[in-house]
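# Need the 3D shape of this:
(chains A and B, ligands or ions: 1)
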Amino acid sequence: MRNSTSIFYNLDWFTIFLYLILVFAGWLNIYAAVYNEEFQSIFDASQQYGKQLLWIGTSIVLGIIILFIDERFYNTFAYVIYSVVIFLLVLVLLIGAETKGATSWFAIGGFKIQPSEFAKFATNIAVAKYLSTLNIKISDLKTKIVAAILIFTPAVLILAQNDTGSALVYGSFILVLYREGLSGNFLVIGVATAFLFVMALIMRNEIFIFPFDIQLDGTILLIILVGLVCALLWYLNRKSKQLLVIMIAVFIASAGLIKSVDYIFNSVLEPHQSKRINVMLGLESDPKGAGYNVNQSLIAIGSGGISGKGFLEGTQTKYDFVPEQSTDFIFCTIGEEWGFLGSLVIIILFITLLLRIMYLTTRQRSDFARIYGYGVACILFFHFTINIGMTIGLAPVIGIPLPFFSYGGSSLWGFSILLFVFLKLDSDRMKVL
Amino acid sequence: MNKRALESRTLVISVVFVLMAVIFIIRLFYVQVLNDKYKLDADNNSKRNITEYPARGLIYDRNGKLLVYNEAAYDLMILPRQVPEDLDTNSLCKLLRISKDHFIKKIEKAKAFSYYKSSIFEREFSSEEYARIQEQLYKYPGFFVQTRTLRNYPEGTAAHVMGYISEVNTAVIEKNPYYKPGDYIGKSGIEQSYEEELRGKRGLRVVMVDVFNREKGKFAEGIYDSTAVSGNDLELTIDADLQKYGEQLMQNKKGSIVAIEPTTGEVLALVSAPGYDPNLLVGRERSNNYALLNQDELKPLFNRALMAKYPPGSTFKSINALIGLQEGVITPSTKFSCNNGYNSGRFHMGCHSHPSPVDLKYSIQTSCNSYYSNVFRTIVDHYKKTETGYSKWRNYVLSFGLGTKTGIDLPNELNGFVPNIDYYDRYYRKGGWSSLTIVSLAIGQGELGFTPLQMANMATTIANRGYYITPHIVKKVGNKRVEVIDTSIYRHETGIAPKHYEEVVEAMYDVVEKGTGTSARIDSIQVCGKTGTVQNPHGEDHSTFIAFAPKDNPQIALSVYVENGVWGSRWAAPMAGLLIEKYLKGKVKREDIEIRMLEGNLIEIPKKP
Ligand SMILES: [Zn+2]
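Residues are numbered from 1 along each chain as shown, chains lettered A, B, ... in the order given. A predicted model of the protein is given here:
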């Protein structure tokens, strides 16, 4: 056995460095977001930034513990961990506490534990274990089904908790499966379906007016647009009869999807049900009027200018115009107080971290560690995309945290575990035969 | 699928990561660097310009009695964004004592103005109402109270002089950049004419507010802030006691009383009846009360003292006597005969029975129509052309401040009317009229129309033996005497020699001592006056009286005009006497007359058949 010094010796310090910068930058911005004159001490434990400091400390301790646990533990107990978390997800539905319409918490003492934040790690480890099993081929139907069950079970349970955002995160595993050999068509179909679904929802109640007094309702317009795209794709490769057939099939399927979204929302669902779906997807955001949150968020970020208003000087943030500013909308504080340059730095840090993880996967000898690494990168990427996209008006308002940044113990712990397990696997990569 | 192909997918995924980052950076560059809209929006969110309203100037009477002061009032404000959807509308309506329809209308109005900015929901609750509402208000998020000041009139007098203030309308805002929506401006009376002195200077505080509209401190350390400067206090020339007494005498009557201190032109009282309590046009009930007053057929809002054009009747005879003397067409001993009237050819103007012939003194004392028809015609006709004589006469009349605005420092004064040559040329035809055609001017009838203020000014000019000072109602602005700041206050000369006035003054003294005006007689004061009974084709004749006292060294000159008072001696003369007594003695001894005047009711008198 090696001693602990060599554990740290093989560790990827660059990733640790990125992790620490992100976590502490997050903490500063939480301080700015909830700052007020009454509680000025940055260490005040009654305030969010004081608590976050506690979460950061415990996360680092947690990370160190993870580094000391033998790397075989994760592989061996992958399904056990997964089963425990699934059990907790069921349990939280039964006895969990309810906040803001989501039953996703256990209240233990003064703390709130959110099992869904750990389910990402558990699912990732289980998927990595399954896909790295000898003789498993993703091209087999059985493999796809098992992988789908592993991924969708926690997703459905989290959806049942009314936490749509966290459930959608599991969609990011499609990239992992793609990397492991899933046909690119699935990726394209998956993304296209999601895109059409959202577009159909957005456009179905709009009426578009064109010159010559032509009025089209959104659903029809969307179908026409899909038709034009299909025709164009075929035209570019018009010798292929096969493509013609495919394009016609795509068109019919898309039209069917769009029409059925419209039909389901108009005729099948009760008004309050369709409203709830709209709210969950951020299409009908809140009682203050459509787009209020996104608008305030854009005002915060936009008013930051090139170099920002300065630390603790953001009026949008300081005076609470931005909602959920220490959690889901933490990026507003960065945009407002640090400006374009600050935002740029944060985005570059994130992308560097993601690319670093992708790079680290290439040096793994173990399939388990490698696939686990993809999972880490894809989950972080999904959060990064949706969270920042939402604050700058490019993604629907789905409440999921910005990794390492947003206030919250469970989410910071969850992401730290996710990352440190990978670092552990990476540091022990030489042991794998 | 081979291993290499799969490894290339690591690259594909990495490229997707980078692409997303590039999209975000482009978007952020657009939002943060290229687009300026959001910076303005952030300012609008968090910067609030808070107007500091200066205290409007107070108003005192000539003896230092407070006539107008400011009282705190409370506007109920609404911020629609904070109003919950499940607001308990019924209980809030009950609390505010408004109807639900009204409530809904106001909510819609506020939302139409702005969802995110506060606006006035209901104005001007009194302190008592505020105390009651404030206790419950915490139950209704989105509603809060803002203080402002309202005018209060402790004496409840001189409503027409004071005028009132109300919110500026858009026309004013567009014309005058000082005013902002929600500001108050003087709409009539001295509130209007001294608006700029009274209003002071508005202050501004720029503060930062949070999403709940709570103040979070000064913007830019207060470099854009300015403090409010209170308005100037005014001291009026009005004697509040005299004014009130005049209003009491005129209760249940229509007409006007104007009293002036002759040597200074200071207006001591300016009564228009019927009047109203100035406190009615303050606060939440203002618009209701205004509508009621405005619909009242007795027209209480109409300031008769400055706007009614009455024929002066026989009070005008004194003027014709003065002009006759100055023109040399008569001397004090010139006599004209009167056989129950004036006859010329087929023309006849009646007079009452009195000894004949009549000299100047007796003509005024007995108010002989025949005498003044002769005097007037001689004045006009002793020039070659009627027109020359008439315009000579007219210029004398105008020199008394009659028929044109006196220039008093109150808004809406009217000119009155003394016909010019053009008027008669149009009415008859050029050369188609003579002194006989217009002889009713001799006795203050015909087309003549003077405001009660002008008639008081006429009395003033006689009292001064030949001049008057521009009448004015404000004595001091802040610490400055108004004569110093206001160049329109100066001495106007009539060009008639003082010795002629002495004749007329003596005659007017006789009027009160032994003529038509004895009901104005006061034992210890020498009162001079002239009655008038004005023919009124629409009803009972009007009763009028001009007077001044004491005869030598006059302290007060006044005109009293009582509509439908029948005889000048019946209402106007006794009232004038009481007012003079009140002003010079401080207290009225002749209580029998006082009671008769106070109890008199001329408003319900049926019209002539
Ligand atoms: Zn006579």
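
# If we ignore the residues flanking it in sequence, what's nearest the residue in the stretch 301-433 of chain A that chain B sits nearest to?
Residue nearest to chain B within the stretch 301-433 of chain A: residue A:302 (2.5 Å; CB to the nearest CB). (Each C-beta comes from the backbone N, C-alpha and C, glycine too.) Closest residue to residue A:302 apart from its sequence neighbours, by CB to CB, 6 or more residues apart in numbering or on different chains: residue B:38 at 2.5 Å.

# Backbone torsions only: list them for the one you found.
For residue B:38, the backbone dihedrals (degrees, to the nearest 10) come out as phi -70, psi -30.

# what's the burial count for residue A:170?
24 (other CB atoms under 10 Å in any protein chain shown).

# Confirm that it lies within a strand, as I assumed.
No - according to DSSP: H, G, I helix; E, B strand; the rest coil, residue A:170 belongs to no strand; its state is helix.

# The nearest residue in space to it that is not next to it in sequence: what's it in contact with?
Distances taken as CB to CB, 6+ apart place residue A:155 nearest to residue A:170, at 3.9 Å, with adjacent residues excluded. By CB atoms under 8 Å, 6 or more residues apart in numbering or on different chains, the contact list for residue A:155 reads A:167-168, A:170.

# could you dump the residues you listed to TSV with distance to the ion and pLDDT?
Converted to TSV, the contacts of residue A:155 look like this (distance: CB to the ion, whole Å; pLDDT from 0 to 100):
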residue	distance to the ion	pLDDT
A:167	112	88
A:168	111	87
A:170	117	94
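
# could you dump the residues you listed to JSON lines with distance to residue B:82?
Below are the contacts of residue A:155 laid out as JSON lines (distance: CB to CB, whole Å):
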{"residue": "A:167", "distance to residue B:82": "33"}
{"residue": "A:168", "distance to residue B:82": "32"}
{"residue": "A:170", "distance to residue B:82": "38"}
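
# measure the residue in chain B that chain A sits nearest to to residue A:70 for me?
As assessed by CB to the nearest CB, chain A sits closest to residue B:38 within chain B, at 2.5 Å. Residue B:38 is 52 Å from residue A:70, where distance means CB to CB, to the nearest Å.

# SS state for residue B:49?
strand.

# Tell me which residues touch the residue of the stretch 301-433 of chain A closest to chain B, please.
A:335, B:31-32, B:35, B:37-39, B:41-42.

# and with 10 Å instead?
A:316, A:335-336, A:340, A:392-393, B:28, B:30-42 (CB atoms under 10 Å, 6 or more residues apart in numbering or on different chains).

# do residue A:424 as well
Contacts of residue A:424 (CB under 10 Å, 6+ apart): A:7, A:10-11, A:63, A:66-71, A:73-74, A:369.

# so who does the residue lying closest to residue B:266 once chain neighbours are set aside touch?
Leaving aside its sequence neighbours, residue B:266 sits nearest to residue B:237 (CB to CB, 6+ apart; 3.5 Å). Shown in contact with residue B:237 (CB under 10 Å, 6+ apart): B:61-62, B:161, B:260-261, B:264-270, B:409, B:471-476, B:482.

# So which of these sit within strands?
B:260-261, B:266-270, B:474-476 (DSSP state E).

# could those residues go into a markdown table alongside pLDDT and neighbour count?
As requested, those are arranged in a markdown table below (pLDDT from 0 to 100; neighbours: other CB atoms under 10 Å in any protein chain shown):
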| residue | pLDDT | neighbour count |
| --- | --- | --- |
| B:260 | 97 | 32 |
| B:261 | 96 | 21 |
| B:266 | 96 | 22 |
| B:267 | 96 | 31 |
| B:268 | 96 | 28 |
| B:269 | 96 | 29 |
| B:270 | 96 | 30 |
| B:474 | 95 | 26 |
| B:475 | 95 | 19 |
| B:476 | 93 | 19 |
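
# which of these lies closest to residue B:20?
Among the ones in strands among the contacts of residue B:237, residue B:474 lies closest to residue B:20 (CB to CB), at 75.2 Å.

# measure that closest one to residue B:60 for me?
Distance from residue B:474 to residue B:60, by CB to CB: 10 Å.

# shared neighbours of these two, anything?
With CB under 10 Å, 6+ apart as the test, residue B:474 and residue B:60 both reach B:234-236, B:238.

# how about those residues in TSV, adding distance to residue B:414, pLDDT and secondary structure?
Listed next are the shared contacts of residue B:474 and residue B:60 as TSV, based on distance: CB to CB, whole Å; pLDDT from 0 to 100; DSSP: H, G, I helix; E, B strand; the rest coil:
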residue	distance to residue B:414	pLDDT	secondary structure
B:234	24	95	strand
B:235	27	95	strand
B:236	22	95	strand
B:238	21	95	coil
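
# Check the secondary structure at residue B:503 for me.
Taking three-state DSSP, the label given to residue B:503 is helix.
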